[in-house]
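1. sequence and computational prediction follow.
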Amino acid sequence: MLDNFRSYQNLQLEAGSNSVVLTGTNGAGKTNLLEAISFLSPGRGLRGSKLSDVSRIGADGTWAVSGRVMTPDGMRQMGSGLLPRRELSSEVAADRRVVRLDGETLSSPAAFGDILQVVWLTPQMDRLFIEGSSGRRRFLDRLVAAYHPSHNREVNAYEKVMRERARLLSDGGSDPVWISSLESRMAEHGVAVAAARLDAIQKLSQAIEKSQSAFPRATLSLSGELEEGLLSRPAVDVEGDFCEKLRKTRSLDAASGRTSAGAHKTDILVRHRGKNMPADLCSTGEQKALLIGITLAGARLSATQFGAPPLLLLDEVAAHLDDRRRGFLFEELDDIGSQVWLTGTDKSLFSQMENRARFFHFSNGKIEAE
């Protein structure tokens, strides 16, 4: 159910347990619906938008998304949104996201990760391997969270402490004791984040190795001083060294307004195994195929580690695949057992799914079941 979300004033859609195919012209609202579903997970949705930006134009700035989700523990009611200021306590900022589970308000969206795993691919992610590292790091952390439910909390705690340290340094760093305390906490959270990333990459690499996927296999590695340190030294030593480095770079960080080292600098490196070529040097089609292969391997691993396959949101994924690869994709999705939401402008692209998915068509502002 949606209220005042993007192009929707309100919407109630009964999808059932089958996969879902959404078709219609560009701009009809298909991706908006996937984005709404993605807010039933930690983070800022598949577009990474500001909370206030997803509110419907002309509305009062608020929005809400809710859904009934079948989990290994039974049916759960999940909800998220931006509520009017008058409904929030005085301590809560107006742009803070509110999350609810079975009618109870939760302290953080990170708690959603304990209930449901949501994975997505969008056309914007086709440039993942050739743009800046921040997008790849977000992609990495979504993969990690599937195997380490506490990962989002550690990332959020690390970033919060890092911002507080940066603020104190910009103000002149008048309290070195407090700054030292923040650096200790930053080192603790940073090493926990790095350790989870390393473990997830190792497990994902094993899953890719065992995979019989028709999509190209990727070789994965991490570039980050904390991760590299953990490969050869105990975590306590890496934590101590990082804490000392933060102390030595206070002047540099104060002048630049940024933290020069840490878990927020990590990058995931991807190579096309068959060609032994970095992903950023592969063709656009090969990059897309690599990304799909990694996502499918991650979904299989998530089904094992988490106890249930993730919800997959695939926006315009089939459009640039030939008939053979589309067939392989649909077969692999069936094998994983996830509920999959797919979008496309041409219904014929999904003809192989006609007996295994529910089809909805977007036209003239309406959604009709086919």
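-> That came in fine, so what should we check first?
2. can you give me the helices in the chain?
-> Remark: helices assigned in the chain by DSSP state H are 30-38, 133-145, 151-170, 176-210, 225-230, 235-248, 250-256, 284-306, 323-336.
3. turn these into TSV, including distance to residue 363, mean pLDDT and mean neighbour count.
-> Using the backbone N, CA and C atoms, a C-beta is placed for each residue, glycine as well. Shown next, in TSV, are the helices of the chain (distance: least, Cβ to Cβ, whole Å; pLDDT from 0 to 100; neighbours: other Cβ atoms under 10 Å):
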stretch	distance to residue 363	mean pLDDT	mean neighbour count
helix 30-38	11	96	24
helix 133-145	32	92	20
helix 151-170	37	94	19
helix 176-210	40	95	19
helix 225-230	49	97	20
helix 235-248	55	97	16
helix 250-256	52	94	14
helix 284-306	28	91	21
helix 323-336	24	91	16
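4. for residue 115, find the nearest of those.
-> Closest approach to residue 115 among the helices of the chain (Cβ to Cβ): helix 284-306, 10.2 Å.
5. got the angle for that closest one vs helix 323-336?
-> Going by axes from the mean of the first three to the mean of the last three Cα atoms, to 10 degrees, helix 284-306 is angled at 10 degrees with respect to helix 323-336.
6. now for helix 284-306, which elements pack on it?
-> Secondary-structure packing of helix 284-306 (3 or more Cβ pairs under 8 Å, 6 or more residues apart in numbering; DSSP states H and E): strand 118-121, helix 176-210, strand 218-223, strand 267-272, helix 323-336.
7. out of these, which is closest to residue 147?
-> helix 176-210 (5.0 Å).
8. isn't residue 182 right up against residue 160?
-> No. The criterion here is Cβ atoms under 8 Å, and residue 182 misses it with residue 160 at 9.9 Å.
9. show me what contacts the most centrally placed residue in the chain?
-> Nearest to the mean C-alpha position of the chain, by Cα atoms, centre = their mean, lies residue 142 at 4.0 Å. Residues counted as contacts of residue 142 (Cβ atoms under 8 Å, 6 or more residues apart in numbering) are 43, 119.
10. let's see that with 10 Å instead.
-> By Cβ atoms under 10 Å, 6 or more residues apart in numbering, the contact set of residue 142 is 41-43, 46, 113, 117-120, 151-152, 295, 298, 310.
11. need these in TSV with distance to residue 17, can you?
-> Below are the contacts of residue 142 laid out as TSV (distance: Cβ to Cβ, whole Å):
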residue	distance to residue 17
41	19
42	24
43	25
46	22
113	22
117	16
118	16
119	18
120	19
151	28
152	27
295	21
298	22
310	15
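12. so how far is residue 305 from residue 194?
-> Separation of residue 194 from residue 305 (Cβ to Cβ, to the nearest Å) stands at 19 Å.
13. sorry, slip of the keys, the one I care about is residue 223.
-> For residue 223 relative to residue 305 (Cβ to Cβ), the value is 24 Å.
14. per-domain residue ranges of this structure.
-> 1-117+308-370, 131-284+293-301 (automatic domain parsing).
15. can you get me the start-to-end distance on the shortest one?
-> When you say that, I think you mean domain 131-284+293-301. The first residue of domain 131-284+293-301 is 27 Å away from its last residue (Cα to Cα, to the nearest Å).
16. now do it: distance to the chain's middle.
-> 14 Å (Cα atoms, centre = their mean, to the nearest Å).
17. show me what contacts the closest residue to residue 141 other than its chain neighbours?
-> Of all residues not flanking residue 141 in the chain, residue 155 sits nearest, at 5.9 Å (Cβ to Cβ, 6 or more residues apart in numbering). By Cβ under 10 Å, 6+ apart, the contact list for residue 155 reads 42-43, 110, 137-138, 141, 144-145, 189-190, 192-193, 196-197, 263-264.
18. which one of the residues you listed is nearest residue 66?
-> residue 42 (16.5 Å).
19. check contacts around the closest one.
-> 97, 99, 108-114, 118, 141-142, 145, 149, 151-153, 155-156.
20. then residue 182?
-> Contacts of residue 182 by Cβ under 10 Å, 6+ apart are 160, 161, 162, 163, 164, 165, 166, 167, 168, 169, 175, 246.
21. tell me which two of these sit farthest apart.
-> By the measure Cβ to Cβ, 160 and 175 form the most distant pair in the contacts of residue 182, at 17.6 Å.
22. next, find the distance separating residue 138 from residue 125.
-> 10 Å.
23. same question, residue 219
-> For residue 219, the distance to residue 125 (Cβ to Cβ) stands at 19 Å.
24. which one's more surrounded, those two?
-> For residue 219 versus residue 125, neighbours defined as other Cβ atoms under 10 Å are more numerous around residue 125 (21 against 16).
25. ok, that one - contacts?
-> Each residue near residue 125 by Cβ under 10 Å, 6+ apart is listed here: 46, 131, 135, 136, 138, 139, 287, 288, 291, 295, 315, 317.
26. ramachandran coordinates for the nearest residue to the third one once chain neighbours are set aside?
-> Distance criterion Cβ to Cβ, 6+ apart; nearest residue to residue 135, sequence neighbours excluded, is residue 128 at 5.6 Å. Backbone torsions for residue 128, taken as degrees, to the nearest 10, come to phi -60, psi -40.
27. quick one, grab the pLDDT at residue 128.
-> Looking at residue 128, its pLDDT is 94.
28. okay but it is in contact with residue 136, surely?
-> Yes. If you go by Cβ atoms under 10 Å, residue 128 and residue 136 touch, sitting 5.8 Å apart.
29. now for the two: what residues contact both?
-> Counting by Cβ under 10 Å, 6+ apart, the contacts common to residue 128 and residue 136 are 268, 270, 279.
30. mind putting these into CSV with pLDDT?
-> Listed next are these as CSV, based on pLDDT from 0 to 100:
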residue, pLDDT
268, 96
270, 97
279, 97
